Each structure stands twice: as C-alpha cells, then as structure tokens.
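Peer 1: Everything below, folded, please.
(chains A and B)
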Amino acid sequence: MSASGARAGSEPVDADDPATRSGTGQLPVELILLRQAASYLGPAVFLVDASGRLLYFNEQAEPLLGLRFDDVGELEMDAWLRAFLPADDAGRPIAPDEVPLVVALRDDRPVHARLTIVGQDGVRRAIETSCLPLRGQAGTRLGAMAWFWTAP
Amino acid sequence: MRVTLWGTRGSLASCGPDTVRYGGNTACVEVRADDGSLLILDAGTGLRALGATLGRDAARIDILLSHLHLDHLQGLGFFGPLYERRGEVHLWGPPSPAGSLRARLGRYLSPPLFPVRLRDLGSRVVLHESPPEPHGIGPFRIRSAFVIHPGPTVGYRISEGSRSLAYLPDHEPALGARRFPESFRWTSGAALAVGADLLIHDAQYTADEYPGRVGWGHSTGTDALAFARLSAVDRLVTFHHDPAHDDAWLDTLHRELEAVSPVPIEAGREGRTLGV
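Peer 2: Numbers count the residues shown, from 1 in each chain, chains lettered A, B, ... in the order given. Sure, this is the predicted structure:
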C-alpha cells in the first residue's frame, strides 16, 4: 500500500507522521516473543501496547487490513481507529471505546466479536475477532492482541 | 568497579583437568565498587569460594539472582555468610506469577533437596523481588528487566557513576527472530546492555550445536557478538560455557570469534578480575 494511497472513507495512514515512527526504547520481552510467535501463526494477529499503540500485525493480517506492516510501522491508537473505520454488520460505526480490542485493553478481559473494517485498499470486510488482554510475568499490563479472521 | 568471575560455567558444574583454565564452577560474579561495596551476581557453585573470602564481619551482602535455575542457585546453601548470626544477606530475584521469591527459593533450600531451610539460616535473610524501576544498593544503581530465557529470568545493569556493567548470563535473544538482530526495540535485553562498558553474556553454544537446542534459553557465540554490536558495548565477556566445552574447545571457539568481533572479546575465565 502507498502511504498516500487515496481510498474511500477511512483516513489514510501516514507512514511519515512522527507519531507513526516515534516508537523508541526496547519493548518488554513478552511482547517481543508474542510478535515473533505471531509471525509464524496462521490467523491474523494485531498487537498493541498498554496505551493502545499498534506495535505489529502479521503478514496474515495484511490482506484484511489492505496494507503491509513494513509500509506503515507503529501507529497510535487514534490513528489506527481512524484508519480502519470499525463498524457493525449493518455498517453503523462503532464508537472508539466500544471497539473490541479497546474494550479488552481497557477492561482487562477477553472479548469476542464480529465487526467490519475498511482496509487501506478501500474494501470493507466482515471479520470475526478474539481480543485478549496481555499481562507479563510480573503481572504488569502490557497491552492486548486481536486474532481475527474473515467472518463466514 | 572491579568485576571478578567466580563461576563461568553453564548448566552444570564441570570441574576437572580439562576445564582448569576457564573453570568449572557455575555462575557467580563479584562486583566491587570503588569504595569496596560488594554486589554478588548469581549464586552458582562459584559462590562457595567467594563466600570463603568475605570473612565474618560483612554487615550486609546483596546477591542478585538472574533466575532460579539450579546452576544459578546451588552455591547458596554453601555460602558461609548465610550461617553467620551477625550478617544480613539480601537476595534479589525475578518476580513470578507462580509464587513469591521465598516460596520458590524454599523449594531448593528445604528437604529433600537441601537439609537446611531458608528460615533456619543463621543470618538475617531479606528477600526482594527485583523491581522493574531502577533502584540503588549502596553506591550501585541497579536496573533489571525480563529477558528471553525459560521461566522468569532477568538481566541486570549495574552502574557506578558513569561506568556500567550489563549481566545477561542466560539469554536467547535470537529465539524466534526471523532476522537477528533486527532492531534495538525488538531485541530482548538491549535496553540493559546499551552502551555498557562491559557486557557479560551467554555464549553457550556453537552455531552447529544451536539448531538442536533452540528454546533452551541460550545463545551462540555469534549471536552474543551480534547482540554486543547492536547494543554498542565496549567489551564482551562470554559466559555460561557449555559443560561439554573443555579448555581447548573454548580456546578454538574464541580465536574464531575474536577474528570477527566488532568489540574486544574474551572468554569468561574463573578467577579473572576486570576493571570497569
């Protein structure tokens, strides 16, 4: 995907936005291992830190999101929420604080849901997702991860 | 700081005629501040001999445990100061969701594995779960963080003034990485090691041995070099030598590593003291 690629509806991801590229500092080892595991898994995986910042999505997520992770890199939560325009099956927008991954992160509980998102290629797709809060070895809240699939 | 290696072997003590020069005792490192203050890193079998040098008057001794595998713990029951009534020994170790540090240490320091219970030691033993935020012990500044190794395991960065030592004795940062090293942000242990004057790092395996030991929590010498380069350390000491690697093997291995190393490198040798 081109960072400036025009498409209907959602806000394009700007790979040159300083917020996109501002990830600094080493991440907790648990997140490092989760990303490595995700890169080997079949389902699409979307990983965020405790602030909701997108850290990584795997290759399997790329067709559903309509972009390559290497092209966009990390994104603040409001940027990915704007970019993927989550909505229900009827196309009604889902409020940011009701997006399953945001709920899992905020409420520290698993959430399973069906929704639609608009990829950066402009295509709206129905997906099913399981979102899990992540805690580290010392009990620290690390973030959350979403597994998702094309909804039947 | 002065850093003395009392045990450099990994996994299993391996003392014998073939390991005389690099040593056979397991992980234990003495760190002395300029004012003589003492920190001990890990309590492998090397701890017994270190304890014998400390005399009976040490008021407080701090031992920082990277994790609780036996090769980092076995010397604890043979550490003389633990039996001195006047002493105070502070043990620091990684937190775990599986139980308190006391409960986990108590599995070793209790029958049937050991005849003396933690609570029955003569000295006052104070246990601390290593905090994620930097903290001070005497003149030392300590930072710990979880690193890749099976079970809760931390590495340490110890600073005194502007000088720093990074200690990652059991560490497999290349585990699962499609490219290693990839980036600072996505490399276990990098924040502890970055810019350290001295890095003591796991280099247990050769590249030929590693494929059969992936996930066991240890590095190849080549990966230790790559990690040292990424972290921009000044000097690398390899550590946690495999019990099967005798002196001749380690000589050969380190000649090869030295030839390609971007930083000064030496194989950790029991009894060696390094200035930091």
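Peer 1: drop to CA atoms for contacts and neighbour counts, all remaining ones
Peer 2: Fine.
Peer 1: Give me the neighbour count for A:Leu54.
Peer 2: Counted by other C-alpha atoms under 10 Å in any protein chain shown, the residues lying close to A:Leu54 total 24.
Peer 1: same check, this time on A:Leu75
Peer 2: Neighbour count of A:Leu75, defined by other C-alpha under 10 Å: 26.
Peer 1: Look at it and report its pLDDT.
Peer 2: Per-residue confidence for A:Leu75 comes out at a pLDDT of 95.
Peer 1: just A:Ser10 next, same as before
Peer 2: For A:Ser10, pLDDT reads 54.
Peer 1: what's the answer for the one 3 residues further on, then?
Peer 2: Here the pLDDT value assigned to A:Val13 is 51.
Peer 1: how near is the nearest residue to A:Phe69 once chain neighbours are set aside to chain B?
Peer 2: Of all residues not flanking A:Phe69 in the chain, A:Phe57 sits nearest, at 6.3 Å (C-alpha to C-alpha, 6 or more residues apart in numbering or on different chains). A:Phe57 is 14 Å from chain B, where distance means C-alpha to the nearest C-alpha, to the nearest Å.
Peer 1: mind listing what's buried in stretch B:159-173?
Peer 2: B:Ser159, B:Glu160, B:Ser164, B:Leu165, B:Ala166, B:Tyr167, B:Leu168, B:Pro169, B:Asp170, B:His171, B:Glu172, B:Pro173 (16 or more other C-alpha atoms under 10 Å in any protein chain shown).
Peer 1: and if you look at stretch B:136-149?
Peer 2: B:Pro139, B:Phe140, B:Ile142, B:Arg143, B:Ser144, B:Ala145, B:Phe146, B:Val147, B:Ile148, B:His149.
Peer 1: centre of the chain versus it, how much separation?
Peer 2: With C-alpha atoms, centre = their mean, to the nearest Å as the basis, stretch B:136-149 stands 12 Å off its chain's centre.
Peer 1: which residues sit against it?
Peer 2: For stretch B:136-149, contacts defined as C-alpha atoms under 8 Å, 6 or more residues apart in numbering or on different chains pick out A:28-29, B:33, B:37, B:94, B:130-135, B:152-160, B:170-173, B:175, B:188-189, B:192, B:215-218.
Peer 1: Residue ranges in the chain under the pLDDT threshold?
Peer 2: By default, I'm working from chain A. Low-confidence segments of chain A, defined by pLDDT under 70: A:1-24.
Peer 1: let's do chain B instead
Peer 2: Looking at chain B by pLDDT under 70, you get B:57.
Peer 1: Spatially nearest residue to the closest residue to chain A within it, not counting backbone neighbours?
Peer 2: Per C-alpha to the nearest C-alpha, B:Arg185 is where chain B lies closest to chain A, at 3.9 Å. Counting by C-alpha to C-alpha, 6+ apart, B:Arg185 lies nearest to A:Gln26, which is 3.9 Å off, once chain neighbours are set aside.
Peer 1: Run through the residues that contact that neighbour.
Peer 2: Counting by C-alpha under 8 Å, 6+ apart, A:Gln26 touches B:Phe184, B:Arg185, B:Trp186, B:Thr187, B:Ser188, B:Gly189, B:Ala190, B:Ala191.
Peer 1: ok, now B:Val154?
Peer 2: B:Ser66, B:His67, B:Gly93, B:Pro94, B:Ser144, B:Ala145, B:Phe146, B:Val147, B:Leu168.
Peer 1: Report how many residues lie close to the first one.
Peer 2: Number of residues near B:Ser66 (other C-alpha under 10 Å) recorded here: 29.
Peer 1: Report the spatially nearest residue to it, omitting neighbours in sequence.
Peer 2: Per C-alpha to C-alpha, 6+ apart, closest to B:Ser66 is B:Val154, 5.0 Å.
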